[in-house]
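A.B. asks: attaching a predicted model along with its sequence, questions to come.
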Amino acid sequence: MEHNSLPVEQLFDSFKTGDEKKAEKAFAFLFELHYQRLWMFASLYLPEDILTEDIVNESFAKAWGKRKTYHSHDHFLNSLHEITKNACISRQRALKREKKALKEHSDLVEFYENDSDTESIHKQLLEKALNHMGNMSQISRRILTLFYLEGKSIAEIASELKMTREAVSTRKTRALQSF
């Protein structure tokens, strides 16, 4: 069967109600017939050709899945445009969110890279903490070092230092209160 000689509505009927093989052939023809126009439509919404191509292909895939619900070729075409428009708008929103997140991340990185005050504050706090820790008992220093610098849990520290969890927790709390 040569598709070029058949009216579009007849092809559409094959697409909608034909057996799987006829439906696939009719769909391939409808895809070729409408792809370029739908691509141009989607490109009005999206900045990159690759995004446009993805959206159009996804729209046709969704239309294929709904093929039995279309009443006519015009209904199919309108739905295809609606699917495409909604997908483009969703993609635009996602791109805006990504752009905003990247900007916020970039701003934070720039702030921390360029903020000598933050670096100075960290340095001062570390010096004070180390000085203060020098005045603590050896066991309290060890507990704080294991907990904060090595990331060990209270249970792990208790096991390593052969102490009860409660004793480790109490020593840690008292050491922190002394700051």
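C.D. replies: Received it, and whenever you're ready, just let me know what you need. Numbers count the residues shown, from 1 in each chain.
A.B. asks: CA atoms for contacts and neighbours, from now on please.
C.D. replies: Fine.
A.B. asks: quick check: closest non-adjacent residue to F31.
C.D. replies: With sequence-adjacent residues excluded and distances taken as CA to CA, 6 or more residues apart in numbering, F31 is closest to F60, at 7.3 Å.
A.B. asks: which stretch of helix or strand covers that neighbour?
C.D. replies: In this assignment (DSSP states H and E), F60 forms part of helix 49-65.
A.B. asks: wait, the residue nearest to F31 sits on E32?
C.D. replies: No - judged on CA atoms under 8 Å, F60 makes no contact with E32 at a distance of 10.8 Å.
A.B. asks: in terms of packing, which of these two has more residues around it?
C.D. replies: More crowded of F60 and E32, by other CA atoms under 10 Å: F60, with 21 against 11.
A.B. asks: how many residues are close by K162?
C.D. replies: With other CA under 10 Å as criterion, K162 counts 10.
A.B. asks: circling back: can I get the CA coordinates of the helix holding F60 in PDB?
C.D. replies: Written as PDB, here are the backbone C-alpha positions of helix 49-65 (Å, rounded to 0.1, in the frame of the first residue of the first chain):
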ATOM      1  CA  ASP A  49      17.700  22.200  18.800                       C
ATOM      2  CA  ILE A  50      18.500  19.000  20.700                       C
ATOM      3  CA  LEU A  51      15.800  19.900  23.400                       C
ATOM      4  CA  THR A  52      13.400  20.600  20.600                       C
ATOM      5  CA  GLU A  53      14.100  17.300  18.900                       C
ATOM      6  CA  ASP A  54      13.700  15.400  22.200                       C
ATOM      7  CA  ILE A  55      10.400  17.100  22.900                       C
ATOM      8  CA  VAL A  56       9.000  16.400  19.500                       C
ATOM      9  CA  ASN A  57      10.000  12.800  19.600                       C
ATOM     10  CA  GLU A  58       8.500  12.400  23.100                       C
ATOM     11  CA  SER A  59       5.300  14.100  21.900                       C
ATOM     12  CA  PHE A  60       4.900  11.600  19.000                       C
ATOM     13  CA  ALA A  61       5.600   8.700  21.400                       C
ATOM     14  CA  LYS A  62       2.800  10.000  23.700                       C
ATOM     15  CA  ALA A  63       0.500  10.400  20.700                       C
ATOM     16  CA  TRP A  64       1.200   6.800  19.700                       C
ATOM     17  CA  GLY A  65       0.200   5.600  23.100                       C
END
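A.B. asks: if I look at R141, what pLDDT would I see?
C.D. replies: Note on R141: pLDDT of 83.
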